[in-house]
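> Sharing a model prediction with you, sequence too.
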Amino acid sequence: MKRLIILIIISINCIFCSSQTKINNNKEVDILLKMPVDFNTQIPVKFTIQNKSSNTYIIDPYGFAGYSYWLFENKRLNSIGLQKGYYSRENPDCEYDIIIIRPKEKIEKIINLNYSEKQRYDFSKIGHYVWKVESKHDRENTMPSSCRQYITDLEKKGYKFLQDSISAEIDFVREQ
């Protein structure tokens, strides 16, 4: 009887836990996201980044580029225009922006899964959204060479630039 009660309590706890889904393909570094993401909050989406290796990795939060699009209730969303402006970085910005994750470290950070996405969308309707993302993170995708020298200096210290790709369908929910 005691085991049954413990099993029921554990089952109930697991039901109310939000699951973390791995969205990247690298075997040494996991990028995890709790899904579904709540659109109702004004808090930016944070990803859990976990380094399972003995290497120190460099991640450019604006270094993912590729292809993405949005669905609302399983129908593709049309863009309502292009974003205006861009983010320019100088060397001091690089020291602040670039993520350094040490061996066996687990951190939460904001990253842009597809920096090349320039479209704007209307997310005002209540319902289920899905962001489909296919992107890569490598030295070629890092924002227009703005942090190359800083990254090269870190690599000289033995840090590794993360070679990775994202292949994900990320669920977002907007409730009342």
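Good, I have the coordinates.
> What about residue 168, how many residues nearby?
Residues lying near residue 168 (other CB atoms under 10 Å) number 22. C-beta coordinates here come from the backbone N, C-alpha and C atoms, glycine included.
> what sits against the residue nearest to it when sequence neighbours are not counted?
Nearest non-adjacent residue to residue 168, counting by CB to CB, 6 or more residues apart in numbering: residue 23, 3.8 Å away. With contacts defined as CB atoms under 8 Å, 6 or more residues apart in numbering, residue 23 is in contact with 31-33, 47, 113, 133, 166-168, 170.
> Equivalent analysis for residue 35, please.
18-21, 170-171.
> Surely residue 47 is in contact with residue 108?
Yes. Using CB atoms under 8 Å, residue 47 is in contact with residue 108, at 7.0 Å.
> quick check, residue 117 in a helix?
No. Assessed with DSSP: H, G, I helix; E, B strand; the rest coil, residue 117 is coil; it does not lie in a helix.
> was I right about residue 59 contacting residue 99?
Yes. With contact defined as CB under 8 Å, residue 59 reaches residue 99; the gap is 4.1 Å.
> what sits in contact with each of these two?
49, 109, 111.
> show me where the chain has helices.
2-16, 91-97, 148-156 (DSSP state H).
> How far does the last one sit from its chain's centre?
Per CA atoms, centre = their mean, to the nearest Å, the displacement of helix 148-156 from the mean C-alpha position of its chain is 23 Å.
> Counting by contacts, list what that helix packs against.
strand 57-59, helix 91-97 (3 or more CB pairs under 8 Å, 6 or more residues apart in numbering; DSSP states H and E).
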